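# with the sequence up front, the predicted model follows.
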Amino acid sequence: MILLAFLPLIGVIQMIKLDFSGSAESWMTMDSFTVQGHEPEELFREVSGVQMAVKETGEWAIRWIVIILSLTPFSILTGKKPSLPVRQATGITAFVYAFLHLLFFIIDKGLVETFREVGYVLGLIATLIMLVLAVTSNKQSIKFLRKNWKKLHRFAYLSGILAVLHVALLEHGDWIPYLIILVIGFLVRIPFIKEGILNRRIRKATELGWD
């Protein structure tokens, strides 16, 4: 699963050119691209490879964040509970993309730029939260933290909200679909709604003779 999840990175890796000879200004460079402009009068514009990498990794990061936060609502709605390895793999994948997104941004703009806008700061906080969750996403941490492990990993919801706000404030993508999915997921988790869904599923299973 993880290997398939990282297939989009192949395109990003292919853009990277390494030169350790000392003759180049930098040991790492990335090709520039000509893309369709955003404005009507702007037919084409040149975008650096680093900027493309920031865009690609950022889009995949928020997709995987939404996926990991949708696993529990999916389980409530369908009764099919994803295994712990699936949850761990999904969470780690989301973190890797978020980390690469931050890394390429720093390469492109510099570390100081990360603190100059609220949107950037929210993205940084979301990534740091995901770092903690990724580090503790293993059986040893579950055993060590016990009940506190679940409490800690509830911060994944906060990272999801911050990630959507990050995109919304910077206007770097269509954030509304992600917000809608997260809102639906939160609504499904509300106790009385969750109980209603579970009871309805039980009644349906009983009527069909599955019980």
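Sure thing, it's come through. Source: prediction; values computed, not measured. Residues are numbered from 1 along each chain as shown.
# what sits up against the helix or strand hosting I202?
Taking DSSP states H and E as the criterion, I202 maps to helix 191-207. Applying CB atoms under 8 Å, 6 or more residues apart in numbering, the external contacts of helix 191-207 come out as I76, L77, G79, L187, V188, D211. Any C-beta I mention is one placed from the backbone N, CA and C, and that applies to glycine too.
# tell me what the longest helix along the chain is packed against?
Assignment by DSSP state H gives helix 49-78 as the longest helix of the chain. Contacts defined by 3 or more CB pairs under 8 Å, 6 or more residues apart in numbering; DSSP states H and E place helix 49-78 against helix 9-15, strand 28-30, helix 84-109, helix 155-170, helix 176-189, helix 191-207.
# can you redo these as CSV with mean pLDDT?
Listed next are the helices and strands packed on helix 49-78 as CSV, based on pLDDT from 0 to 100:
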stretch, mean pLDDT
helix 9-15, 77
strand 28-30, 68
helix 84-109, 90
helix 155-170, 92
helix 176-189, 90
helix 191-207, 82
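# quick one: closest of the ones you listed to K139.
Closest to K139 of those is helix 84-109 (CB to CB; 8.4 Å).
# find the nearest non-adjacent residue to L179, please.
Leaving aside its chain neighbours, L179 sits nearest to V164 (5.2 Å; criterion: CB to CB, 6 or more residues apart in numbering).
# separation between the one you found and I176?
9 Å (CB to CB, to the nearest Å).
# surely T57 touches Y97?
Yes - using CB atoms under 8 Å, T57 is in contact with Y97, at 5.2 Å.
# out of these two, which sits in the busier spot?
Neighbour comparison, T57 and Y97: the larger count goes to Y97, with 26 against 22 (by other CB atoms under 10 Å).
# ok, now which ones touch the more buried one?
Contacts of Y97 by CB under 8 Å, 6+ apart are T57, G58, W60, A61, W64.
# ok, the residue nearest to T72 when sequence neighbours are not counted - how many residues close by?
Using CB to CB, 6+ apart and skipping residues adjacent in sequence, the residue nearest T72 is R189, 6.7 Å away. Neighbours of R189 under the rule other CB under 10 Å: 14.
# ok, now R154?
Counted with other CB under 10 Å, the neighbours of R154 add up to 10.
# do you know the pLDDT at it?
Note on R154: pLDDT of 88.
# for it, what are phi and psi?
The phi/psi pair for R154 (degrees, to the nearest 10) reads phi -70, psi -20.
# can you tell me how far it is from S83?
For R154, the distance to S83 - CB to CB - is 20 Å.
# coming back round to it: touching, the residue nearest to T72 and L71? I think so.
No - here R189 lies out of contact with L71, judged by CB under 8 Å, at a distance of 11.6 Å.
# before we move on, the earlier item: can you add neighbour count and distance to V12 and give the contacts of helix 191-207 back as JSON lines?
JSON lines is the format used below for the contacts of helix 191-207 (neighbours: other CB atoms under 10 Å; distance: CB to CB, whole Å):
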{"residue": "I76", "neighbour count": "18", "distance to V12": "35"}
{"residue": "L77", "neighbour count": "16", "distance to V12": "34"}
{"residue": "G79", "neighbour count": "12", "distance to V12": "37"}
{"residue": "L187", "neighbour count": "11", "distance to V12": "35"}
{"residue": "V188", "neighbour count": "17", "distance to V12": "34"}
{"residue": "D211", "neighbour count": "9", "distance to V12": "50"}
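# cheers, nothing more for now.
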